[in-house]
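Visitor: predicted model follows, preceded by the sequence.
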Amino acid sequence: MKKTDYRDMWVYIEHDGKKIHPVSLELCSEARKLCEASGDALAAVIVNDLPQEELDKVLEAGVEKLIFVSGEGYETFSVDAYTHLFTELCKKYMPSAVFVGGTIAGRDFAPRFACRLLTGCTSDATQLIYNEKTGDIEFVEPAVGGKMMAVITVPELRPQVGTIRPGTFKYQPSGRREHEIIRERIGFPVDQIRTKVLSFTAEDLDDSLNIADAEVIVCVGSGIKGADALPRYRKLASLLNGKVGCTRPVFDRGILPFKLVIGQSGVVVKPKLYLAFGVSGAVNHVTGITDSDKVVAVNKDPDAAIFHYCDYGIVGDMDEICDLMIGHLEAKKTEDAS
């Protein structure tokens, strides 16, 4: 296998027929940077049709090729059909890299088609770097429970396949470029699909559990005494028009639900203000907050690692500091009302 025979970087555009999943646009923006360094063209792979306004978002990310795929077997998502589709498509066009959003669907079919192509698949990378000397992409991600950062490469095989967790990167439109449109028809026999959708009911979402787009987050870490201490942090978040989040140990103790976990094992957030109370600062948590505009950390341990990652640090009891903040905000609110 000659690596130089493989060209272009692909992003799978996940959508429901009406809207593109945000992770696909985030990946287009990040892959655009890699293509600038490597000289590859950026291609978007789209299964079935999309409204023009959604296609415009893809093109604004600097995509140079749109690969539309149609055929039987894609009425609903199927691991069997999508695995076959990407296997055949990659064999024909030989891309250098394929990026897939780390959604439930993406994590399911990406490693399967990578395995069929006898190449590697990296999951949940938090950083993508193009190595100009080797021509390889370096997938950087926390390892050993967040105690170290691992750099994973696929030095001999192609394509380089990776799934990236939603929210890891930002969608940053770079402007339209001249683009080529490619249409492929790759069907998959419906009778060979081993699963069938019997019914679908939209999830009844509690908006307080959707913290990915929150502009203010009050995060509680392992320093919290228990569930009885939560009301003060919820009150602080309410006064700041924000939401409450937590670290993995808080979920493990049964204090808050998993959807509020921030970090490598949870969600990646990009708030304007991130308040960390009793958070130790483990790498697997910090990787989820690196794009926060301002980080304020409160911890009674002056040597806590979180102080290396914050803009402002306060050494003290987390409950006492929270109560002081609440008192100040309530007094300011009263003052403004008078």
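Guide: Thanks, I have the structure now. In this text the structure is predicted, and so the values were computed from the model without any measurement.
Visitor: pull out the buried positions in stretch 185-203.
Guide: 186, 188, 193 (16 or more other C-beta atoms under 10 Å). Bear in mind the C-beta positions are built from the backbone N, C-alpha and C, glycine included.
Visitor: and the last one, what does it touch?
Guide: Put plainly, it is residue 193. Shown in contact with residue 193 (C-beta atoms under 8 Å, 6 or more residues apart in numbering): 73, 78, 80-81.
Visitor: circling back: how about CSV for the buried residues of stretch 185-203, with distance to residue 59, secondary structure and pLDDT added?
Guide: Formatted as CSV, the buried residues of stretch 185-203 follow (distance: C-beta to C-beta, whole Å; DSSP: H, G, I helix; E, B strand; the rest coil; pLDDT from 0 to 100):
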residue, distance to residue 59, secondary structure, pLDDT
186, 23, coil, 95
188, 28, coil, 93
193, 32, coil, 92
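Visitor: take the residues you listed and lay them out in CSV including distance to residue 209.
Guide: Formatted as CSV, the buried residues of stretch 185-203 follow (distance: C-beta to C-beta, whole Å):
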residue, distance to residue 209
186, 38
188, 35
193, 32
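Visitor: which of the helices or strands spans residue 12?
Guide: strand 9-13 (DSSP states H and E).
Visitor: picking up where we left off before, which one of the buried residues of stretch 185-203 is nearest to residue 302?
Guide: residue 193 (58.1 Å; C-beta to C-beta).
Visitor: tell me the SS of the residue lying closest to residue 123 once chain neighbours are set aside?
Guide: Closest residue in space to residue 123, ignoring its immediate chain neighbours: residue 163 at 4.9 Å, by C-beta to C-beta, 6 or more residues apart in numbering. Here residue 163 is strand, with the state taken from DSSP: H, G, I helix; E, B strand; the rest coil.
Visitor: that older thread, so can I have CSV of the contacts of residue 193 showing neighbour count?
Guide: Written out in CSV, the entries for the contacts of residue 193 read as follows (neighbours: other C-beta atoms under 10 Å):
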residue, neighbour count
73, 20
78, 23
80, 17
81, 24
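Visitor: for the stretch 51-200 of the chain, give me the ranges with low pLDDT.
Guide: Along the stretch 51-200 of the chain, segments meeting pLDDT under 70 span 144-147.
Visitor: helices of that one, start to end?
Guide: 52-60, 79-93, 104-116 (DSSP state H, counting those that start in this stretch).
Visitor: buried ones in the first one?
Guide: Same thing as helix 52-60. Neighbour-count burial for helix 52-60 [16+ other C-beta under 10 Å]: 54-55, 57-60.
Visitor: just to revisit the earlier point, just grab the bridge partners of the residue nearest to residue 123 for me.
Guide: residue 100, residue 123 (DSSP bridges).
Visitor: I'd guessed it sits against residue 102; true?
Guide: Yes - applying C-beta atoms under 8 Å as the test, residue 163 and residue 102 come out as touching, 4.2 Å apart.
Visitor: between the two, which contacts overlap?
Guide: 123-124.
Visitor: who's more crowded, these two?
Guide: residue 163 (26 against 21; other C-beta atoms under 10 Å).
Visitor: show me where pLDDT drops low in the stretch 201-338 of the chain?
Guide: Residues of the stretch 201-338 of the chain that meet the cut-off, pLDDT under 70, sit at 203-205.
Visitor: roughly how far does residue 116 sit from residue 243?
Guide: Going from residue 116 to residue 243 by C-beta to C-beta, to the nearest Å gives 41 Å.
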